[in-house]
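J.: sequence unknown, structure follows:
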């Protein structure tokens, strides 16, 4: 029997494994629409677990130190 992880942890793990990814790539990884991915990214961002940064017209999400700790902890 398989167990489904909460979306919060799936989002954190996707951002962590992708390193630095835009919303479209995260949506593709999670198999959701970009709008759904944007919504899923808001809570971890508000918690300080992920951050969005941009440079030279390129933008993406990355995990913060507290996000790494949260992603590593058992749920």
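T.: Alright, I've got the coordinates. Here the structure is a predicted model, which means the values were calculated and not measured.
J.: residue 18 versus the nearest residue to residue 11 once chain neighbours are set aside, what's the distance?
T.: Counting by C-beta to C-beta, 6 or more residues apart in numbering, residue 40 is the residue found nearest to residue 11 once chain neighbours are left out, at 4.9 Å. (C-beta placed from N, C-alpha, C; glycine too.) Between residue 40 and residue 18 the computed distance is 14 Å (C-beta to C-beta, to the nearest Å).
J.: with neighbour numbers in mind, choose between the two.
T.: When residue 40 is set against residue 18 and neighbours are counted by other C-beta atoms under 10 Å, the residue ahead is residue 40, at 21 against 17.
J.: the residue nearest to residue 11 reaches residue 14, doesn't it?
T.: No: because the distance of 9.3 Å does not satisfy C-beta atoms under 8 Å, residue 40 is recorded as not touching residue 14.
J.: list residues touching both of the two?
T.: Shared contacts of residue 40 and residue 14, defined by C-beta atoms under 8 Å, 6 or more residues apart in numbering, are found at residue 30.
J.: coming back round to it: can you tell me the SS state at the residue nearest to residue 11?
T.: Three-state call for residue 40 (DSSP: H, G, I helix; E, B strand; the rest coil): helix.
J.: what sits against it?
T.: Contacts of residue 40 (C-beta under 8 Å, 6+ apart): 7, 8, 11, 30, 32.
J.: mind listing what's buried along the worst-scoring helix or strand of the chain on mean pLDDT?
T.: When the helices and strands of the chain are compared on mean pLDDT, DSSP states H and E, helix 65-72 comes out lowest with a mean of 84. Of the residues in helix 65-72, those scored as buried under the neighbour-count criterion (16 or more other C-beta atoms under 10 Å) are 67, 70, 71.
J.: just put the residues you listed in a markdown table and tack on distance to residue 36.
T.: As requested, those are exported to a markdown table (distance: C-beta to C-beta, whole Å):
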| residue | distance to residue 36 |
| --- | --- |
| 67 | 20 |
| 70 | 21 |
| 71 | 20 |
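J.: understood, closing this out.
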